[in-house]
Every structure is written in structure tokens, then in C-alpha cells.
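In: Model the structure of this input:
(2 chains, ligands or ions: 1)
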Amino acid sequence: MPRLILDDPDQTLEMLRDSVATLAERVDGAEVFRSRRARDAELDRDLWSEMATAGWLGLLLPESMGGSELGAGELTVLAEAFGRALITEPFAALAVLPGRILANIGGAAAGEIATGIADGSRIVPFLWQDTRGARAPMTLSAEGTLSGQVDLVTAAYAATDYLVLCKQDGELALVHLPARSERFSLSSRPGLDAAMIGQVTAKGVSVDAGSILARGATLDAALSDAIEMTRLALAAELAGVGAKALEETVAYTKERVQFGKPIASFQVIQHRLVDMWGDAEFACAAVTNAVEMMRDATPEEAGQSVLAAKARAGDSAVTITRRAIHLHGAMGFTDECNIGLYNKRAITLNAALGQAEELRLEFLARETAA
Amino acid sequence: MTQERDWNALSDDEFRVIFREWVDANCPEHLRFMRKQRPTFDEVAEWYHALNDKGWLSPVWPVEYGGMGLDAGKHIVYVEEWARLGCPRIPDHGIGLTGPLLIEHGTEAQKAEFLPKILTGEHVWCQGYSEPGAGSDLASLRTQAVRDGDDFIINGQKIWTTLAHCANWILLLVRTTNSDKRQHGITVILVELSSPGVLVRPIKNLREEEDFCEVFFENVRVPAKNVVGDVDAGWALAKTVLGHERIFLGAPSRPEYALTRLEILAKDRGAFEDAAFRSRFAKLRLDLYDLGSAFERFAKVLREGGTLGADVSVLKIFCSELYQRITEEMLTVAGEEARFYDDLMVGDRGIDAMNLYLDSRAPAIFGGSNEIQRTILAKAVLGLPSG
Ligand SMILES: Cc1cc2nc3c(=O)[nH]c(=O)nc-3n(C[C@H](O)[C@H](O)[C@H](O)COP(=O)(O)OP(=O)(O)OC[C@H]3O[C@@H](n4cnc5c(N)ncnc54)[C@H](O)[C@@H]3O)c2cc1C
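Out: Prediction:
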């Protein structure tokens, strides 16, 4: 069945897969999903701590920042395994994205925050988007007060720290602030994948000069790279979600008997399943390609491969899981059946950091410009 | 019973105007365009009773039983205006299923006992056909009824019974004889849900609403007089009751509503500035337009007094799949906002994109899944050989 196929000379990747599988034996991702939803929670603290203890949250970070200094191969294998096990904690948004930004910026202040992300003591969402996902830097006045509003914030309430994208004098800046300032007002709405999505408003929060971690071109480069790496993680997780939903559906349709036969024996269902399998294969191939391009090719080529992978894996996971619901019949239309949760997770991950069409157009634009 | 007037003597257009005016004036505003596809009886009781007081609750039952006695053409008008004005779906298994079945096949005693109580809402019905092992293959149903004196004793389980937890009667298909020909030996029987031994357990759907249920039967004693038609001959009854109403499985109202939501969202989000979106929207718009034409083609048959063939299933397939394609496009237009479970805001108005997307999964499954419909069309219309 479709999965990432990467060189694994010292078995690190296999070990990572095994460790997620071991966790998944104890922790039922679908149950965590439902209980998190029932509590209107942003993440599951216990599971998050376990992920920190396992060393997953700091996977990419340099050792000096408490990380394991592993690369894109390990990242994708881990994210794929989360996708398969329906471990839906905000790994991409709270580990990969802020961790990578901080690692790219470097320095003592960034290092201290990143270390906290890796060991699970700090929850540090990046505040940078409006409701529709566009960049929405807050305004930092010359006197050092911060104002503005952002949305799509992961763990707005549970956060210990915020990384805030802002503009000062027309220049981008990244500010680090404790999340507990009274100057922030918060609200949240339920997300489709059972995590609350926050909105954060700042009205004149004072920022001292020491809290500005990076500016201008340095920051821009740090962000672009971090977004690329996060998209890769999302793509891998989507590939895992799609592949697992396919497997579940193959298993279900082989078991489910109607008209005296397993429904998987009907040719129309076989063809549908084969198409789903093809989608899953292509998603895994696209993610594998991106990992290899990151290792072997130019940054431009690697960038293209990530856009392609996220677009392919997003489309594929959404389509597979949607068809999977249908092939489960009325069972698929229930909340009790996990297949619907895979569809909800796929839609959510597909929506994050650009849906397929947007990414494809970006691919084309970059290719034309090159 | 007397009737306000002979509706069938009017032209369809005259009837449309009269019907629309009254419904628009009397269907409560807060029940229009409800988010929920299947509101419970209590949620829409005032509308149910208002319709009954007016004598308009039951469009096709003959006048003598308290219906409007509409011909198929007027019935289509009724359904179209209902949808256009956004009236809520009422728990309609009594009106649409049990009622017609009894009118056609019931005894005089059954008609006298049950029909008036459907109209008053005293009896709220649900449909107990599907079982865990009998979905698409309904004839494999196993819930068993064994004769015991004047009663039958029922054991078994039904599932996916829409609104069973809000109903007090269930129209049940049970097995009374095990026979090699599985369609033989099935019986229709009317069961009160408060009977000892009945247990109803609601199931949450993808939208986390409890709108269908499991219904368990353990030694449930039901008087034999509740059998409809002949024992062992229920299959044909269950299959014929839909009649011309099969056309409504393909009525464009769901995709039509979804397309208006897509349009509002897309306008607000600037999607129409994008040529690729415009082109996709145009395709959906014309698919809807053409669904209207195809619907008309079948409606015309009915208006002219004809009967529908198996080919009408093409509407159900096209309609349910169009509904899905529209809601999927909504999630594309939503961009990063497709992560929200709740409505998307356009000004202070909510667009229930996710609600519609999730809802659109169901019509391709129920009422005979689209694969089953295609198989019927292949055999009955194209005359293709069996595998
Ligand atoms: C919202 C909702 C409300 C419902 N309400 C009621 C109700 O009130 N009362 C009631 O009795 N039932 C109700 N049903 C049940 C409905 O009738 C069944 O879901 C339907 O008959 C399909 O059966 P199943 O769910 O067991 O799917 P299955 O029959 O198990 O089918 C699973 C998948 O296999 C496909 N398949 C099955 N057989 C074939 C074949 N021969 N060839 C190709 N593909 C095939 C199907 O299309 C489907 O995709 C409801 C269902 C839903 C979703």
C-alpha cells in the first residue's frame, strides 16, 4: 500500500515509524479527536507532552536548540505516520513552523524559545494571517506599541508565547511576546478537525526593543523557508491520511457483504478503489520527490517540488477520503465511523498554507519567471 | 370530507399562485431555509399543524381521506413552491409513506385508525427498512416476525431509521418466511415504538446531529391486524409505494440552494474576478439549468397522465452529484477558511458551506445509492446483460 519510499541506510526512518505506531497502539487518535472536540480544546496536552518526550517537536531543530537536527526525510516520515494514525495535534503549526522560523533566525533569544518548543514547555503560535489566510502583519509604532488583529491562530489560548509578524516603518519585523498580556483579546471558533481556531487582537501592547527577533530581508528568508518546510510536513501528513483512508476502505469493502458477496467484488467498486490507490501513490511519489529535491537540487527546484507535493497530496487526500465516505454507505455518514474524521482532517490540512489550485498557480508563475 | 376547492380544475399556474401566497404568508419566518435538513416534529410542529388546519398537509392523498388529491402536475408545483420558499422538511414518513401504503393496500379499519392521526400529528412515523446487514441489498433483511395467536413476535434490528427517536410508530419490513427467493416472505407491519421490547438509539451523523437511529426489537408483540397487505407479500408493496414521487429524488432544490450560497460567498471573496472560477461556476450554473430541463422532461410525462419509467433515476444521480460538486467548489472558494466548522461570514450573514458540504454526502447514498441506480438504468433502460 502507498507510502513514502526513502533511502534509510541507518534505519532512522523505520524507527520513527515504529515509535509512532507504538504510540498509536496506546493512544487512539480518533478518540483524542472526539474528546478534544467535546471539550472545545485547542490541543491535547497529554499527547503533546508525549510528542515532546519522543523528541518529535524538535526534530528539525539544531542540537544547540534542544533538537535532533534531523532533516526533511525524517520530518516527512513522521508527519506521514501522524496522518496514518490520525494523530491530529497541531504538529505543523506549533512545532514545524515556529521552530523553523526560530532556527533560521538563530541567536540566543530565538534559541531559548525554540528549546521550549522542543521540550514541550512552550507553546508558540505564529501570528501572521487574517481570516482568509492572507499575510496580516500587525503594526508596530515608532514608540514600540503593537496593534492589529490576526486569525487562524493555533492554540491562541493555550499559548505561552506569541511570535508576531508586524510592520514597523514599512519594514517587516518579528516580535516575541509572552502570551499572557492583558492587552491581547482572544476569541475562537471551532475548526473542522476538532481544534479551536483563535483570533487575537492587540491594542497597544508595548514591545521593548529586545523583543524584536528579526527584521527585513533576514526575516523574509526565514519565513519563506519555514513555510516551505511546513508545507512539506503538511503534504506528508496528507499523503498519510489518504493512504490510510484507502486501506481502511479496502478492508471495509472486502468485509462488507451485500447481494451475497463482498462489495469489493463489484467491478465498479474495484475501479473506484484502484483510482483512489493511484491518487495515494502519486501523493507519496510527490512527497518523496520533494524530499529528494531538497537534498539534491537547487533551492528553486526544491521549492517547486514542495508546491507540487502539497498540491498533489492535498487534492488526493481530499478526494480519497470523500470517496471513502461514499463507499462506506450510511456508515460513512456517521460520526462514529472514523472515515469521516479522515475527510475532515484532509480538508483542514489541505486548506492550510494554500489549497491545491493556489499552489499550482504559484508553481506555474515561478516556472514562467525562471 | 370536503375540500376548499377542486384544485385539479385549476391550471398549474393558477394553483401555483394560490399555493405560494398562502404558504408565504403562513410558514413561519424562523423556519425558512433551516440549517437542519431533517428537523424534528417538535421543531416544526406549528407549521405542520397550520398546514393541516388549512387542509394542505397531504398533497396527494385523495380528498376523502383529508388530502388535497392533487394530480402529479400540481404535486410538482406544490413541491417546487415549498422548496422555493424555503419551507422546512416536516417529518413526512406518515404523509409520504405510511399513508399512501394504507390508502392503497390497507384495510378499512387500518385507514380509519391511522390516517386521521397522521394528519393531526398524533402519530409520527419513521421508516424501518434498512438493517445492519441489509442496505443496498434490502431483500436480505432478517428482522423476524413469528406468528403467535393473534400476534406476531418480532426480533431483530433496524438501522439508519431517520428520526426514529422523535417518532412513535414505525413502518417495518420483517421476514415472516425464510424462502429461497428472498423477496418472498417479507411482510409490512405497523409497530408502535412504545411497545415493550423496542429500544431506539440515536446515531450521530457527520454533522454531529442525531438524525438517524438504530432500533432494536426483542420479543416485541404486535397484533396481526397491523400487517398491511398479505403476509409474505410485503416486498412488492414496499417497492411500489414511491410511484411518481421518485421524480422528487431528482428535484433541483438542494443544488439550487447550494449554488445561491456559493454565489454569495464567491462574490464576497472576489472569486468572480478569477477567470478559472468563473468558468467553473458557469459549468455548475448550466448543470443546474439543464437539470431543470431534464426534470421538466419527466414532469411533462406526469402532467400528461403518464407514468414514470426506470429512466427517472438519472435525475437522482445527476442531482445528488451536482449538489456534491457545488459544495466541493464552496470549499475551494473558502481557501484557508475551509478549516472552519461553523458558517463562513459574509458581512453579518453566515454561509453554511461546511454544513452543506457534509450534508451533500448523504443523497448519493440513501434512496438507493448512485451505484445501485446506475445498475438499474443499465439493466432496465439500456438492456445490458447481467455479469
Ligand atoms: C442520511 C440517511 C438517512 C437514511 N434514512 C433511512 C430511513 O429512514 N430508513 C431506512 O430504512 N433506511 C435509511 N437509510 C439507509 C439507506 O437506505 C442505506 O444507506 C442505503 O440503502 C445503502 O445501504 P448501506 O448504507 O448499507 O450501504 P451498502 O449497501 O453497504 O453500500 C456501501 C457502498 O457500496 C456500494 N454498493 C453496494 N452494492 C453495490 C453493487 N451491487 N454494485 C456497486 N456498488 C454497490 C454502495 O453504492 C455504497 O457506496 C438512510 C441513509 C442515510 C445516509
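In: wait, what's in contact with residue A:205?
Out: Residues in contact with residue A:205 (Cβ atoms under 8 Å, 6 or more residues apart in numbering or on different chains) are A:145-147, A:177, A:181, A:183-184. The C-beta positions use only the backbone N, C-alpha and C, and glycine is treated the same way.
In: scratch that, residue B:76
Out: By Cβ under 8 Å, 6+ apart, residue B:76 lies in contact with B:247, B:299, B:302-303.
In: Of the contacts of residue A:205, which is the nearest to residue B:61?
Out: Proximity of those to residue B:61, judged by Cβ to Cβ, is greatest for residue A:184, which lies at 61.9 Å.
In: Show the average pLDDT along the top helix by length along chain B.
Out: Using DSSP state H, we find that the single longest helix of chain B is helix B:275-303. What helix B:275-303 shows for mean pLDDT is 96.
In: Who are the packing partners of whichever helix or strand comes after it?
Out: Once helix B:275-303 ends, the next helix or strand along the chain (criterion: DSSP states H and E) is helix B:313-334. Helix B:313-334 sits against helix A:339-351, helix B:253-268, helix B:275-303, helix B:353-359, helix B:370-380, with contacts defined as 3 or more Cβ pairs under 8 Å, 6 or more residues apart in numbering or on different chains; DSSP states H and E.
In: Comparing those, which stretch has the densest surroundings?
Out: Highest mean neighbour count among the helices and strands packed on helix B:313-334 (mean count of other Cβ atoms under 10 Å in any protein chain shown): helix A:339-351, with a mean of 26.
In: got the angle between it and helix B:313-334?
Out: For helix A:339-351 against helix B:313-334, the angle by axes from the mean of the first three to the mean of the last three Cα atoms, to 10 degrees is 40 degrees.
In: how far is helix A:339-351 from where the chain is centred?
Out: Relative to its chain's centre, helix A:339-351 lies at 12 Å (Cα atoms, centre = their mean, to the nearest Å).
In: other SSEs contacting that helix?
Out: Judged by 3+ Cβ pairs under 8 Å, 6+ apart, helix A:339-351 is in contact with helix A:29-38, helix A:216-255, helix A:299-327, helix B:313-334.
In: For whichever residue of the stretch 101-250 of chain A sits closest to the ligand, grab the count of nearby residues.
Out: Closest approach between the stretch 101-250 of chain A and the ligand, counting by Cβ to the nearest ligand atom: residue A:249, at 9.8 Å. Residue A:249: 27 surrounding residues under other Cβ atoms under 10 Å in any protein chain shown.
In: repeat for residue B:97
Out: For residue B:97, the neighbour count with other Cβ under 10 Å is 20.
In: Name the residues that touch the helix or strand hosting residue B:14?
Out: Following DSSP H and E, the helix or strand that holds residue B:14 is helix B:12-26. The contact list for helix B:12-26, computed with Cβ under 8 Å, 6+ apart, reads B:7, B:10, B:50, B:54, B:56, B:73-74, B:77-78, B:80-82, B:84-85, B:87, B:303.
In: same deal with stretch A:230-237?
Out: Surrounding stretch A:230-237, the residues in contact under the criterion Cβ under 8 Å, 6+ apart are A:4, A:72, A:75-80, A:82-83, A:91-93, A:96-97, A:100, A:283, A:286-287, A:290-291, A:294, A:306-307, A:309-310, A:312-314, A:349, A:352-354, A:359.
In: Quick check: the closest residue to residue B:324 other than its chain neighbours vs residue B:352, distance?
Out: Here the nearest residue to residue B:324 in space, its sequence neighbours aside, is residue B:360; by Cβ to Cβ, 6 or more residues apart in numbering or on different chains that works out to 4.6 Å. Residue B:360 sits 12 Å away from residue B:352, taking Cβ to Cβ, to the nearest Å as the criterion.
In: repeat for residue B:159
Out: Distance of residue B:159 to residue B:352, computed by Cβ to Cβ: 27 Å.
In: More neighbours: the two, which one.
Out: residue B:159 (22 against 19).
In: Having no further points to raise, I will conclude here.
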